[in-house]
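Asker: Provided below are the primary sequence and the corresponding predicted coordinates.
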Amino acid sequence: MAIEFKRHDYQTRDSCILVKNARISLEGCEFLETEDVNGHHRGVVLKLPEEKVDRMKEIEGEDESIEEYEHYEYDPITGTNLNNPGELRINIETQDLFTHPSESYLIIEGRLTKTDGTAYANDDNVTLTNNALMYLFSNIKYQLSGQEIESLFHPGQASAAAAAGNAGFSVRQSYITKSPDPKGTFSFRVPLKHIFGFCEDYDKIVYGMKQTLTLVRKTDNDAIFRNANVDDGKITFEKVSWFMPHVLPADAEKFQLYKTLDSNELLPVMYRIRQCDYISIPQSTSFTWRLSVKSAPERPRYIIVGFQTDKDGDQEQNPSIFDNVNVRNIFVMLNSARYPAVDYNLSFPKQQFSRANGDVAAFRSKFYNMDELVSNPNITPPITRHFSHCLCSTSASRVSD
């Protein structure tokens with residue numbers, strides 16, 4: 001097969017030809033320069049082996065709809081104290097700009113020290129809890145043009161609901177307490193898709209809208225885990241920044257986007273809101289909890305229930321661990337439908353919890369629509385035995401408005 005290239009389509013370099021910045025080796029190719037009727041150089045003809053033809057087809061099919069894709073940094077509004085209880089607000093003002101919230105992330109830097117500001121020693125049994133950064137906030141909210149898109153209360157428990165115990169204490173202690181200089185310093189990157197269902201599900205660009213991220217800072221106690229013989233700790237933020245991708249479409253794509261904007265066409269925006277409710281349960285063998293769910297067209301998809309005892313505000317307890325309260329049965333009533341249809345009939349002392357264990361293990365593959373072998377969260381029966389939170393799932397197709 002022969003393919004002709006015009007002069008502006010290619011460059012030759014190191015026995016290769018560069019086509020759209022891709023390198024195609026000239027080995028095994030027949031190379032022939034061509035001329036126009038006036039004897040001027042017109043281009044080259046390459047007779048390509050079949051495998052190189054396939055590569056050329058791949059190059060021609062590559063996406064060139066985006067000219068530039070870069071993350072830009074946004075800081076909290078001027079005068080914000082990062083370490084006082086209250087709001088940390090970051091604004092991206094309205095402008096002629098295409099952004100991609102789904103791939104945005106937070107950078108949070110700070111230091112774990114004793115309350116007097118001195119560093120912990122290497123042998124002090126203290127570190128950050130699992131998912132510690134989320135336990136430093138009581139609420140995280142995302143808005144577009146002043147309209148609330150998603151607001152997540154108790155983001156620590158909400159994002160750790162599928163965690164499996166306190167594995168990795170020594171690793172975290174080494175990383176936070178022993179390794180840094182000065183001791184206790186840290187820097188973490190938190191994708192917004194790990195916080196908001198909107199950022200996880202809506203993988204499209206947003207144009208010309210003011211975006212606001214609000215984080216409500218609370219005390220440090222739920223983010224620190226230490227032994228009783230270790231001094232109280234505190235966390236000092238040194239930096240909180242929101243990195244948002246700016247997208248520069250190619251001219252052809254930009255024309256189509258502006259055309260869509262000018263048409264005032266309504267575009268569907270579908271995503272799964274994350275909602276976390278928290279109550280104190282009575283000291284009895286059974287109780288009923290009436291959940292507050294939003295009105296139609298929003299409908300519950302999955303419900304995760306976890307139990308904790310005396311975990312709040314205590315640095316000697318780890319709030320990322322959910323307690324085994326010897327649950328025997330749990331179910332959800334949605335209108336007149338019951339989920340699951342058959343009682344669990346659990347017995348943790350007898351290690352009769354295979355159904356609950358299966359539901360927890362299968363949740364990730366269902367939620368992310370992934371193969372169960374790939375998405376297996378390694379929640380084994382021994383972990384379920386000591387960790388024990390129960391999960392009930394509902395299918396949107398089975399839930400009426």
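Answerer: The structure has been received and is ready for your questions. Quick caveat, the model's predicted, so the values are computed rather than measured.
Asker: Give the burial count for the residue lying closest to Y278 once chain neighbours are set aside, as a bare number.
Answerer: Closest residue to Y278 apart from its sequence neighbours, by CB to CB, 6 or more residues apart in numbering: H154 at 5.3 Å. Any C-beta I mention is one placed from the backbone N, CA and C, and that applies to glycine too. Look at H154: counted by other CB atoms under 10 Å, it has 20 neighbours.
Asker: before we move on, what about T285?
Answerer: For T285, using other CB under 10 Å, the count is 7.
Asker: Could you report the distance from L192 to S159?
Answerer: 12 Å (CB to CB, to the nearest Å).
Asker: Next: E73.
Answerer: 23 Å.
Asker: same deal with G358?
Answerer: 23 Å.
Asker: more neighbours, these two?
Answerer: S159 (21 against 14).
Asker: Surely the more buried one is in contact with H194?
Answerer: Yes. Using CB atoms under 8 Å, S159 is in contact with H194, at 6.4 Å.
Asker: M333 is in what secondary structure piece?
Answerer: strand 332-334 (DSSP states H and E).
Asker: now the end-to-end length of stretch 209-229.
Answerer: Taking CA to CA, to the nearest Å, stretch 209-229 runs 51 Å from one end to the other.
Asker: May I see the buried residues of that stretch?
Answerer: In terms of neighbour count (16 or more other CB atoms under 10 Å), stretch 209-229 has its buried residues at 209, 211-218, 220-226.
Asker: what do you get for stretch 314-328?
Answerer: 315, 317-322, 324, 327.
Asker: can you check stretch 232-240 too?
Answerer: 233-235, 237, 240.
Asker: Mind putting those into TSV with pLDDT?
Answerer: TSV is the format used below for the buried residues of stretch 232-240 (pLDDT from 0 to 100):
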residue	pLDDT
G233	95
K234	96
I235	96
F237	96
V240	96
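Asker: Among these, pick out the one closest to T285, please.
Answerer: G233 (37.9 Å; CB to CB).
Asker: The residue nearest to Y278 touches S138, doesn't it?
Answerer: Yes. Contact between H154 and S138 holds when scored by CB under 8 Å: they sit 7.2 Å apart.
Asker: re the thing from before, from the buried residues of stretch 314-328, which shows the smallest pLDDT?
Answerer: Ranked by pLDDT, the buried residues of stretch 314-328 bottom out at N324, which has 74.
Asker: What's the separation between it and T285?
Answerer: Taking CB to CB, one finds N324 at 15 Å from T285.
Asker: Check what pLDDT the closest residue to I235 other than its chain neighbours gets.
Answerer: Nearest non-adjacent residue to I235, counting by CB to CB, 6+ apart: D220, 4.5 Å away. At D220, the pLDDT value in this model is 94.
Asker: Next up, the contacts around D220.
Answerer: Residues near D220 by CB atoms under 8 Å, 6 or more residues apart in numbering: 136, 233-235.
Asker: again with I66
Answerer: By CB under 8 Å, 6+ apart, the neighbours of I66 are 247-250, 253.
Asker: Could you identify which of those residues has the most neighbours?
Answerer: V247 (21 neighbours).
Asker: got the contact list for it?
Answerer: Applying CB under 8 Å, 6+ apart, the residues contacting V247 are 66, 68-69, 98-100, 205.
Asker: Now the element after whichever strand or helix holds it, going C-ward?
Answerer: With elements taken from DSSP H and E, the one containing V247 is strand 233-249. Once the chain leaves strand 233-249, the next helix or strand it forms, by DSSP H and E, is helix 251-262.
Asker: CA atoms of that next one as CSV?
Answerer: What follows is helix 251-262 as a C-alpha-only set of coordinates in CSV (Å, rounded to 0.1, in the frame of the first residue of the first chain):
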residue,chain,number,x,y,z
ASP,A,251,-11.2,25.7,16.8
ALA,A,252,-13.6,23.2,15.2
GLU,A,253,-14.7,21.9,18.6
LYS,A,254,-14.9,25.4,20.1
PHE,A,255,-17.2,26.4,17.2
GLN,A,256,-19.5,23.5,17.9
LEU,A,257,-19.5,24.3,21.7
TYR,A,258,-20.4,27.9,21.1
LYS,A,259,-23.1,26.9,18.7
THR,A,260,-24.6,24.7,21.4
LEU,A,261,-24.4,27.5,23.9
ASP,A,262,-26.1,30.0,21.6
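Asker: buried sites along that helix?
Answerer: E253.
Asker: Likewise for stretch 65-82?
Answerer: Within stretch 65-82, the residues scored as buried using 16+ other CB under 10 Å are 74, 76, 82.
Asker: OK, contacts around the residue most central in space within the chain?
Answerer: Residue closest to the mean C-alpha point of the chain, counted by CA atoms, centre = their mean, is H194 at 2.4 Å. By CB under 8 Å, 6+ apart, H194 lies in contact with 159, 200.
Asker: 7 Å instead?
Answerer: H194 is in contact with S159, counting by CB atoms under 7 Å, 6 or more residues apart in numbering.
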